[in-house]
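In: Need coordinates for the following:
(chains A and B)
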Amino acid sequence: MSINLPVSGAAQSHEMYSLRVNGQLHEVKDAWIGESLLYVLRERLGLPGAKGACEQGECGSCTVIVDSKAVCSCLVMAADAVETEILTVEGLGPDGALTDVQSAFLSEGGVQCGFCTPGFIVAVHHLLENNPHPTDDEIRESLSGNICRCTGYGRILEAVRTVADQRRKNS
Amino acid sequence: MPVLIPRNVDELVEVFQEHPQAKLLAGGTDYMVEVNLHGRKPETMISLRQVKELTEWSVRPSQSRITIGAAVPYADMEHGEIARLVPALAQAARTVGSPQIRAAGTLGGNLGTCSPAGDSLPVLAALGAMIHVIGPDGNRDIDFVDFMVGVKKNSLKPSEFVHSVSLPIIEGWQGYAKVGTRNAMVISTASACLVRDIDEGIVTIALGSVGPTIIRARDAEAWLTKSTSLRAGADLNPAVAQEFGRRVALESRPIDDHRSTADYRRHAVGVLAQRLLTRSFS
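Out: Numbering: from 1, shown residues only, chains lettered A, B, ... in the order given. Model (predicted):
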């Protein structure tokens, strides 16, 4: 493993670094610099929730939250994600329990093959956190980066409306 | 091969000077696609994530200008004050990829990649943006037309980086339009930005994805100024709009590629020009 001398004043991360994921600090060892956050989550940290498909930011199945922003983890260089707060689908519910969004996807039939589901779940959590009462247009816009080839989206939209209604009643 | 993480602009200048071969990493939405799919081996990387100054924007009302940091993500341009002051930029920002891409992708990234399909670039060209760059020899401002010099080529010197983009705040109308195969998540087949300055009585139009660089249709602009009043309160003859579209299309220099044909792009960009001009009068 080659480590260049530190450049004055500039901190650096290299092939060994730490990532904070779902509130826990994980050490990443002997990593290649080109590894995406998606790869590191799945193959090194044992967090396979984010799914890899297009590897170019088109499908949204790898969506995670980095510093409160929903991003495609396939387009984040993992070694550049040091000192950020990363939240994956595994970290949404307490102790692996289903969140209200996950329950609504099940009850409304928003899950078929399930491959895209984790990305949608993360995107919907992010949407409702920032916009608790979205219009249908806002739901569609916020999920436009997540592709589902099974459901035709109708039941996914229904699941989002269901959660928004439930949260409104419970608040 | 580390990722170097400077904390401020001074550190960035220093680090980039010591590693002139390094690649700057902002949102990663272009670069990581090359790594993931096109076998690119990352060199030394300089991350811009922690350089806070690059993520800031400011307005100087006295000069009627807005300055947007190179690492401001598109998501921050879609709504709010930037969208109010530079609506064409907001419209372009909304067409970039998906919400996930807009949360990461930056103006500086568009300028660094300098693809003719870069969604923000026609806006910068039509508004006459100044690109503020910093390098080992200090600062300089580059007019956008001199900044983009070819397909994925810009005029940055070694160890120079884009610090921010300065745009005029125009009294009048501005709009952006883009043709692609679908609404979300699409690279443009053709795009255009039109700015109508009702104080000066001039229209500028810049075209994307129809040439090796962003193209300003200057002949069509000059013809339009002679043919009709563009000041506040003027009316537009539909025949003038149509002829404007035809003339804009003539100035495009599109090619056939995997995304579309030259003929279709030429046609589409003419329609966009006609449509934008008409909207600027409605």
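In: Tally up the residues packed near residue B:23, please.
Out: By the other CB atoms under 10 Å in any protein chain shown criterion, the neighbourhood of residue B:23 contains 13 residues. All C-beta atoms are positioned from the backbone trio N, CA, C, and that covers glycine.
In: Which positions are bridged to it in the beta structure?
Out: Residue B:23 has the following beta-bridge partners by DSSP bridges: residue B:45.
In: what about it, distance to residue A:131?
Out: When distance is defined by CB to CB, to the nearest Å, residue B:23 is 35 Å away from residue A:131.
In: can you check residue B:228 too?
Out: Taking CB to CB as the measure, residue B:228 and residue A:131 are separated by 43 Å.
In: Out of these two, name the residue with the larger neighbour count.
Out: Set side by side, residue B:228 and residue A:131 show unequal neighbour counts under other CB under 10 Å, the larger going to residue B:228 at 19 against 13.
In: From residue A:107, how far out is the closest residue to chain A within the stretch 1-150 of chain B?
Out: Of all residues in the stretch 1-150 of chain B, residue B:98 sits closest to chain A, at 2.3 Å by CB to the nearest CB. Taking CB to CB as the criterion, residue B:98 is separated from residue A:107 by 27 Å.
In: Name the residue in those two with the higher neighbour count.
Out: Just comparing residue B:98 and residue A:107: by other CB under 10 Å the higher neighbour count belongs to residue B:98, 25 against 13.
In: What segments of chain B are strands?
Out: Counting by DSSP state E, chain B forms strands over residues B:3-5, B:23-25, B:45-47, B:57-60, B:65-69, B:130-135, B:138-143, B:148-150, B:153-154, B:161-168, B:172-179, B:190-197, B:202-208, B:215-216, given from the N-terminal end onward.
In: For the fourth one, name the packing helices and strands.
Out: Think strand B:57-60. Judged by 3 or more CB pairs under 8 Å, 6 or more residues apart in numbering or on different chains; DSSP states H and E, the packing partners of strand B:57-60 are strand B:65-69, helix B:80-85.
In: domain ranges for the chain?
Out: Assuming you mean chain A. A:17-91, A:94-170 (automatic domain parsing).
In: was after chain B, sorry
Out: For chain B, the structural domains run B:3-168, B:172-280, going by automatic domain parsing.
In: pLDDT below threshold where in chain A?
Out: Within chain A, the stretches falling below the threshold (pLDDT under 70) are A:1-15.
In: Need the residue closest to the centroid of it.
Out: residue A:64 (1.7 Å; CA atoms, centre = their mean).
In: Now do the SS call for the closest residue to chain B within chain A.
Out: Sorted by distance to chain B under CB to the nearest CB, the residues of chain A start with residue A:145, at 2.3 Å. Secondary structure, DSSP: H, G, I helix; E, B strand; the rest coil: residue A:145 is coil.
In: ok so, going back, make a markdown table out of the domains of chain B and add mean pLDDT.
Out: A markdown table is the format used below for the domains of chain B (pLDDT from 0 to 100):
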| stretch | mean pLDDT |
| --- | --- |
| domain B:3-168 | 96 |
| domain B:172-280 | 96 |
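In: which helix in chain B runs the most residues?
Out: helix B:262-280 (DSSP state H).
In: For that helix, which helices and strands make contact with it?
Out: Packing partners of helix B:262-280 (3+ CB pairs under 8 Å, 6+ apart): strand B:172-179, strand B:190-197, strand B:202-208, helix B:238-251.
In: Quick one: distance of it to the chain centre.
Out: The offset between the C-alpha centroid of helix B:262-280 and the centroid of the whole chain comes to 18 Å, using CA atoms, centre = their mean, to the nearest Å.
In: and the end-to-end length of stretch B:3-23?
Out: Distance between the two ends of stretch B:3-23: 10 Å, counting by CA to CA, to the nearest Å.
In: ok, and for that stretch, which residues are buried?
Out: Of the residues in stretch B:3-23, those buried under the neighbour-count criterion (16 or more other CB atoms under 10 Å in any protein chain shown) are B:3-6, B:11-16, B:18-19, B:22.
In: what do you get for stretch B:149-166?
Out: By neighbour count on 16+ other CB under 10 Å, the buried set for stretch B:149-166 is B:154, B:156, B:159, B:160, B:161, B:162, B:163, B:164, B:165, B:166.
In: Same check on stretch A:33-47?
Out: By neighbour count, with 16+ other CB under 10 Å as the criterion, the buried positions of stretch A:33-47 are A:33-42, A:44-45, A:47.
In: out of those residues, what pair is the most spread apart?
Out: With distances taken as CB to CB, the most widely separated pair in those is A:33 and A:47, at 20.3 Å.
In: ok, back up a step: which of the buried residues of stretch B:3-23 are close to chain A?
Out: Contacts with chain A are made by B:3, B:4, B:5, B:6, B:11, B:14, B:15, B:18, B:19 out of those, judged by CB under 8 Å from any CB of the partner chain.
In: Can you add distance to residue B:44 and give those residues back as a markdown table?
Out: Supplementary listing: these in a markdown table, determined by distance: CB to CB, whole Å:
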| residue | distance to residue B:44 |
| --- | --- |
| B:3 | 8 |
| B:4 | 7 |
| B:5 | 12 |
| B:6 | 13 |
| B:11 | 15 |
| B:14 | 14 |
| B:15 | 9 |
| B:18 | 10 |
| B:19 | 5 |
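In: Quick check: the farthest pair among those residues?
Out: Largest separation among these by CB to CB: B:3 and B:14, giving 16.0 Å.
In: Where do the helices of chain A begin and end?
Out: For chain A, applying DSSP H gives helices covering A:37-39, A:100-107, A:117-130, A:136-142, A:154-170.
In: quick one on the thing from earlier: so for residue A:136, which of the domains of chain B sits nearest?
Out: Residue A:136 lies closest, by CB to CB, to one member of those: domain B:172-280, at 14.9 Å.
In: got the end-to-end distance for the closest one?
Out: Terminal residues of domain B:172-280 lie 8 Å apart, using CA to CA.
In: for stretch B:72-85, same thing?
Out: Using CA to CA, one end of stretch B:72-85 lies 16 Å from the other.
In: In this model residue B:165 seems to touch residue B:132, though I could be wrong.
Out: Yes - counting by CB atoms under 8 Å, residue B:132 touches residue B:165, with 7.0 Å between them.
In: Please list all residues in contact with the residue nearest the centre of chain B.
Out: When CA atoms, centre = their mean is applied to chain B, the residue found nearest the centroid is residue B:121 (1.8 Å). With contacts taken as CB atoms under 8 Å, 6 or more residues apart in numbering or on different chains, residue B:121 has the following neighbours: B:110, B:111, B:114, B:115, B:144, B:148, B:206, B:208, B:214.
In: if we go to 10 Å?
Out: Contacts here follow CB atoms under 10 Å, 6 or more residues apart in numbering or on different chains; on that basis residue B:121 touches B:92, B:107, B:110-111, B:113-115, B:129, B:144, B:147-148, B:191, B:193, B:206-209, B:213-214.
In: Same question for residue B:139.
Out: With contact set as CB under 10 Å, 6+ apart, residue B:139 has these partners: B:132, B:133, B:160, B:163.
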